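>>> sequence? don't have it. structure:
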């Protein structure tokens, strides 16, 4: 069930971040320089809808500006952002006069408070051990959710978008579990082939 609606500035990108993920952006277009300046002035956030196959997708993430990393002589900026919440676009405006940038009326996804299921936890532990020889503390999943697990995986933006689209924590897990199983299978197969190559 979704929560409140409101209007926030939009910065479409061919990029999907999951809540909790961070990213550095280079800001060079005048409209987005204006967007960043307005967000800094008003201590506001902006949205990144997924721009894919030449169109704005229905879902995106709200992000906050964590830091201005660099300001260039020509006015370009490098900023650090952090994704904080998932939204669905209700109505999108490419330009919101008198501003140069666009905006959208959004509806937030209901906060996912549940910690990952036992099955998802075990699959994630297995994947991290096989892929990176990493072990996870017993209580590592106590203070995270399905997005916290997804951040540990090497998902592409389209894969992350599919995760955003899933409406409940259970549906998100149903999307992730077969994907992790496939990752595990592929890594094991690759390791077996390497082993046979070395033995031969």
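Happy to help now that I have it. It should be emphasised that the depicted structure is a prediction, and the values quoted were computed from it without experimental measurement.
>>> For residue 77, which residues are in contact?
By CB atoms under 8 Å, 6 or more residues apart in numbering, residue 77 lies in contact with 26, 27, 33, 36, 68, 69, 70, 71. Using the backbone N, CA and C atoms, a C-beta is placed for each residue, glycine as well.
>>> Tell me the one among those nearest to residue 84.
Residue 84 lies nearest to residue 36 out of those, by CB to CB, at 16.4 Å.
>>> Share the number of residues neighbouring the closest residue to the closest one other than its chain neighbours, please.
Closest residue to residue 36 apart from its sequence neighbours, by CB to CB, 6 or more residues apart in numbering: residue 27 at 5.5 Å. Number of residues near residue 27 (other CB atoms under 10 Å) recorded here: 21.
>>> which residues does residue 27 contact?
Counting by CB under 8 Å, 6+ apart, residue 27 has contacts 33, 36, 76, 77, 78, 79.
>>> Among these, which lie within helices?
In helices, defined here by DSSP state H, the members of the contacts of residue 27 are 33, 36.
>>> of the contacts of residue 27, buried ones?
Among the contacts of residue 27, those buried by neighbour count (16 or more other CB atoms under 10 Å) are 33, 36, 77, 79.
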